[in-house]
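A.B. asks: Got a predicted structure plus its sequence, pasted below:
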Amino acid sequence: MAELFDHIPDRVSIYEVGPRDGLQNEAVTIGTVRKLRLIDALCAAGLSRIEITSFVSPHWIPQLADADRLADLVGQREGKQLSALCPNGRGLARARVADLREIAVFLSASETHNRRNINKSVDQALGVFREMVPQALRYGMRVRAYVSTAWGWPYEGDVDPRRVLELSRSLIELGCYEISLGDTIGVGTPLQTKRILKLLLSEVPAEQLALHMHDTRGQALANVLVGLELGIRTFDAAIGGLGGCPYAPGASGNLATEDLVYMLHHMGVQTGIDPEKLFEAGRVAEAVVRRELPGRVHRAGLRALRG
C-alpha cells in the first residue's frame, strides 16, 4: 500500500449523517420510533458521531417535524457525540432545550442553492451565524459547519475554490471547530478534489476539515482517497447510502457508511466501527425507509470474494 499511498493514517473519524441528511428527503413520513430504532442500531455498531435531526421549520423539511420528540427520546448516550443541524436562533434554542452538546450550521458556496435551501443569501446566513455561533459557544456547545456545493452546482457550474476558502475561514473565525466540505450533487473528481483541498489546506489545518461526498456519479470513494492522502481524517457518510438534498436537483445518496468502512478497514485504517453490526444497521435503515438502499456493501454483503 505504501507504494500507492504515502500518507494513509492508522485511524479516521466517521461522522454519520443518515438520521438527518439521509432521511430528510424521504417521500413517505417516517415515524419517530422508527428513527429511534435506526439511531440505536448506529450506536450499537460503534458510530460515535451521529447527526440525529435538524431543528428546522416543518414547513421546509416536513420529514423532520418530530425533531424535539426524537432528541428527547434519544437523550444522552455515553461516549457518543450527538448533534443536530440548526439554521437559526430558534433552532439553537430548541437544541439547548434538548440538552445537545453540539450543533451544526449550514452555508452553501452557491448563492442560488443557499437561497433555495434556507431562503437567505450567503451574506444573510453569515449574519445569522455571527450572532448564533458565539451564543452556542457560551452555552458550552461545539459548533460544526457545512459548506455545501463546494464542487459545483447545476445553475452556476463549477464553484470557485477561493469562495469555499473564504467561507470556511469566516466560519472558523466565528468559532466553528470543523468545516465539512460538501459535494452536494456528486460532481467531484479526484483531480478537482486535490485542487480544492490544496487551496484550503494552504490556510486551514487538515484537522479542521472534513469531506462530505455524495456518490451520485460513483466518485465518492476516489475522492475520499485523495482526502486521506492530503491529511483529511474526518469523513461524513450515511448508512446504506441514504440521502439527497431536496433543493439540489440530481443529488442522490450520500457515500454509504458501509462502503467507506469496508474500504478503510481493508486498507488497515481503523474507525472504531464493527462492520457486522454496521451491516445490520443498514438492514435496519432499509426497514425504516421501506425501500432498497443503494450502498454497494449493503447490497453485496461483507464476505470477501474467494478464488
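C.D. replies: That came in fine, so what should we check first?
A.B. asks: from here on, contacts and neighbour counts on C-alpha atoms
C.D. replies: Fine.
A.B. asks: Buried residues in stretch 127-136, which are they?
C.D. replies: For stretch 127-136, the neighbour count (16 or more other CA atoms under 10 Å) marks 129-130, 132-134, 136 as buried.
A.B. asks: quick one: contacts of it?
C.D. replies: 88-89, 92, 105, 142-143, 174-176 (CA atoms under 8 Å, 6 or more residues apart in numbering).
A.B. asks: picking that back up, which ones among the buried residues of stretch 127-136 are found in helices?
C.D. replies: When DSSP state H defines the helices, the subset of the buried residues of stretch 127-136 inside them is 129-130, 132-134, 136.
A.B. asks: tell me what the worst-scoring helix or strand of the chain on mean pLDDT is packed against?
C.D. replies: Averaged element by element with mean pLDDT, DSSP states H and E, the chain has its least confident helix or strand at helix 111-118 (a mean of 83). In terms of contacts (3 or more CA pairs under 8 Å, 6 or more residues apart in numbering; DSSP states H and E), helix 111-118 is packed against helix 122-138.
A.B. asks: Can you list the neighbours in contact with the helix or strand following the helix it packs on?
C.D. replies: Beyond helix 122-138 on the C-terminal side, the first helix or strand identified by DSSP states H and E is strand 142-148. With CA under 8 Å, 6+ apart as the test, strand 142-148 has contacts from 101-110, 133, 136-137, 164, 167-168, 171, 175-184.
A.B. asks: Swap in 7 Å and give it another go.
C.D. replies: For strand 142-148, the external contacting residues (CA atoms under 7 Å, 6 or more residues apart in numbering) are 101-109, 133, 176-184.
A.B. asks: Buried residues, the helix or strand just after that strand. List them.
C.D. replies: Using DSSP H and E, the helix or strand that follows strand 142-148 towards the C-terminus is helix 161-174. Across helix 161-174, burial judged by 16+ other CA under 10 Å covers 161, 164-165, 167-169, 171-172, 174.
A.B. asks: Can you tell me what sits against helix 161-174?
C.D. replies: Contacting residues not belonging to helix 161-174 are listed as 109, 130, 133-134, 150, 179, 196, 200 [CA under 7 Å, 6+ apart].
A.B. asks: so which strand or helix has the nearest residue to Leu260 once chain neighbours are set aside?
C.D. replies: Nearest residue to Leu260, sequence neighbours excluded (CA to CA, 6 or more residues apart in numbering): Leu221, at 7.0 Å. Element membership for Leu221 (DSSP H and E) is helix 220-229.
A.B. asks: can you tell me the average pLDDT over that helix?
C.D. replies: Taken as a whole, helix 220-229 has a mean pLDDT of 97.
A.B. asks: How far away from the center of its chain is that helix?
C.D. replies: In terms of CA atoms, centre = their mean, to the nearest Å, the gap separating the centre of helix 220-229 from the centre of its chain is 15 Å.
A.B. asks: next one: stretch 67-85
C.D. replies: Counting by CA atoms, centre = their mean, stretch 67-85 comes out at 16 Å from the chain centroid.
A.B. asks: can you tell me the distance between the two ends of it?
C.D. replies: Criterion CA to CA, to the nearest Å; first-to-last residue distance in stretch 67-85 is 10 Å.
A.B. asks: same deal with stretch 263-281?
C.D. replies: 18 Å.
A.B. asks: Over to stretch 221-240?
C.D. replies: Stretch 221-240 has its terminal residues 14 Å apart, counting by CA to CA.
A.B. asks: Can you tell me which of the contacts of stretch 127-136 is closest to Asn25?
C.D. replies: Set against Asn25, the nearest of the contacts of stretch 127-136 by CA to CA is Val105 (18.4 Å).
A.B. asks: Wasn't that closest one part of a strand?
C.D. replies: Yes: assessed with DSSP: H, G, I helix; E, B strand; the rest coil, Val105 lies in a strand.
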